[in-house]
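Student: What shape does this take:
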Amino acid sequence: MIGDNIRRLRVEKGMTQKDIADRLFVTAQAVSRWENGEVEPSLNTITELAKIFEVSVDVLLGVAAESEPAPEVEQEPEPQPEPTIIIEKEYVYKEPPKQVLALCHRCNSPIYDQKEIVRVGGDIWCKKCDHSVKSFHKSQAVRKEERRRLLSFIFGGLFAVLCIAVGISNAVSDGSVGDVVMGLVLGYAGFALISCWLLCNTFVGEMMGDIFSWAFVDFPGVIFSLDFDGLVFLIAVKILFFVLGILLAVLCGALALVVGAIVSMFVYPYAIVKSYRHPEDNDLDII
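Tutor: Alright, predicted model coming up:
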């Protein structure tokens with residue numbers, strides 16, 4: 001019976017099932033199922049329906065009939081009032097509220113448009129929050145990159161000045177221009193190597209680490225007898241392996257520095273340009 005009442009009152013109001021669904025924030029299929037008697041609306045929904053149809057809940061449920069107009073009673077003719085001015089009312093169409101698709105997990109604001117939904121991991125963000133977070137991360141990356149460039153200029157510049165000063169000093173004492181040229185070359189190589197290592201946006205640091213890792217090799221096992229001479233032999237061999245390991249580490253470290261310095265002289269222009277143009281691409285956080 002309630003389904004028939006909903007259909008009758010809806011038709012009397014000149015409303016469609018979608019109009020009712022939009023007012024109640026449900027689907028039109030749900031309204032159709034109510035009218036067909038497949039399911040019954042909840043008590044809160046019945047109350048909202050009564051407000052929409054401007055009837056009582058009892059009338060909507062069919063418990064009480066709608067109030068009929070009282071029969072007209074003949075009254076004595078009254079004097080006609082003075083003519084009044086009738087002002088036409090202007091009806092403004094008000095769009096129904098939009099359906100909320102999701103809530104932003106960061107600012108808790110409702111999202112009405114599918115295009116405004118941004119998925120961050122398992123959370124749902126609005127585009128405004130996503131843009132603000134990305135802008136913050138970009139500004140943080142720019143500040144970190146500026147700090148890296150400043151440190152590279154300071155430490156690399158100090159090394160370059162030291163090399164040039166030594167070259168000029170040797171040239172003054174020996175009278176050879178080659179010392180100045182060598183100081184300039186070593187100064188630029190050291191400056192480029194330090195800068196590339198501090199900027200961390202090229203392959204130079206990884207390459208030097210791979211070269212230095214060559215020093216960490218497994219030495220062969222030692223066969224010895226369980227007597228005094230055998231123990232002495234074992235200790236001597238272990239000391240020898242330790243010294244060889246240190247020498248190998250020094251050699252590999254020196255090789256890594258030389259190769260890194262040579263490569264850095266050619267890679268540094270690319271590294272400094274990338275640092276200025278694309279600071280947000282550097283995700284390392286060592287400085």
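Student: Which pLDDT value goes with Ile154?
Tutor: For Ile154, the model assigns a pLDDT of 91.
Student: just checking, what packs against the helix or strand containing it?
Tutor: Following DSSP states H and E, one finds Ile154 within helix 127-174. Helices and strands touching helix 127-174, by 3 or more C-beta pairs under 8 Å, 6 or more residues apart in numbering; DSSP states H and E, are strand 117-120, helix 178-199, helix 228-277. All C-beta spots, glycine's among them, are computed from the backbone N, C-alpha and C.
Student: quick one: low-confidence ranges for the chain?
Tutor: Along the chain, segments meeting pLDDT under 70 span 1, 64-97, 133-139, 219-225, 279-287.
Student: could you redo the last one with a cut-off of 50?
Tutor: The chain contains residues with pLDDT under 50 at 67-73, 285-287.
Student: And it, what are its domain boundaries?
Tutor: Split into domains by automatic domain parsing, the chain comes to 1-64+92-97, 140-281.
Student: between the helix holding Ile154 and helix 228-277, how many degrees?
Tutor: 110 degrees (axes from the mean of the first three to the mean of the last three C-alpha atoms, to 10 degrees).
Student: how far off helix 178-199 does helix 127-174 point, in degrees?
Tutor: 160 degrees.
Student: mind listing what's buried in stretch 32-44?
Tutor: For stretch 32-44, a neighbour-count test (16 or more other C-beta atoms under 10 Å) marks 34-35, 41 as buried.
Student: Just name the closest of the residues you listed to Phe25, please.
Tutor: When these are ranked by distance to Phe25 (C-beta to C-beta), Pro41 comes first, at 12.8 Å.
Student: So the closest one lies in a helix, does it not?
Tutor: No. Counting by DSSP: H, G, I helix; E, B strand; the rest coil, Pro41 falls outside a helix, being coil.
Student: hang on, isn't it packed against Leu49?
Tutor: Yes. Taking C-beta atoms under 8 Å as the definition, Pro41 is a contact partner of Leu49 at 6.8 Å.
Student: For Leu193, give me its contacts.
Tutor: By C-beta atoms under 8 Å, 6 or more residues apart in numbering, the contact list for Leu193 reads 156, 204, 257, 260-261, 264.
Student: repeat that for 6 Å
Tutor: Residues near Leu193 by C-beta atoms under 6 Å, 6 or more residues apart in numbering: 260-261, 264.
Student: now Arg149
Tutor: Ser275.
Student: right, and the helices and strands packed on helix 127-174 - which one's nearest Phe212?
Tutor: Smallest distance to Phe212 across those (C-beta to C-beta): 4.7 Å, for helix 228-277.
Student: List the buried residues in stretch 155-166.
Tutor: For stretch 155-166, a neighbour-count test (16+ other C-beta under 10 Å) marks 155-156, 159-160, 163-164, 166 as buried.
Student: oh sorry, the question was meant for stretch 105-118
Tutor: By 16+ other C-beta under 10 Å, the buried positions in stretch 105-118 come out as 106, 111, 116-118.
Student: And the residue lying closest to Leu151 once chain neighbours are set aside, how close does it get to Ile154?
Tutor: Nearest-residue entry for Leu151: Leu198, 5.3 Å, with adjacent residues in sequence omitted and distances by C-beta to C-beta, 6 or more residues apart in numbering. Plainly put, Leu198 is 9 Å away from Ile154 if you go by C-beta to C-beta, to the nearest Å.
Student: The two: which is more packed in?
Tutor: Leu198 (23 against 12; other C-beta atoms under 10 Å).
Student: Around Ala30, how many other residues sit close by?
Tutor: Quick note: Ala30 (other C-beta under 10 Å) scores 16 neighbours.
Student: do the same with Leu60
Tutor: 22.
Student: Make sure I have this right: it is in a strand.
Tutor: No. Counting by three-state DSSP, Leu60 is not part of a strand but helix.
Student: Spit out the contact partners of it.
Tutor: Per C-beta under 6 Å, 6+ apart, neighbours of Leu60: 5, 50.
Student: ok, now how distant is it from Gly157?
Tutor: Look at Leu60 and Gly157: by C-beta to C-beta, they are 84 Å apart.
Student: coming back round to it: could the domains of the chain be laid out in TSV, adding distance to Lys127?
Tutor: Shown next, in TSV, are the domains of the chain (distance: least, C-beta to C-beta, whole Å):
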stretch	distance to Lys127
domain 1-64+92-97	21
domain 140-281	19
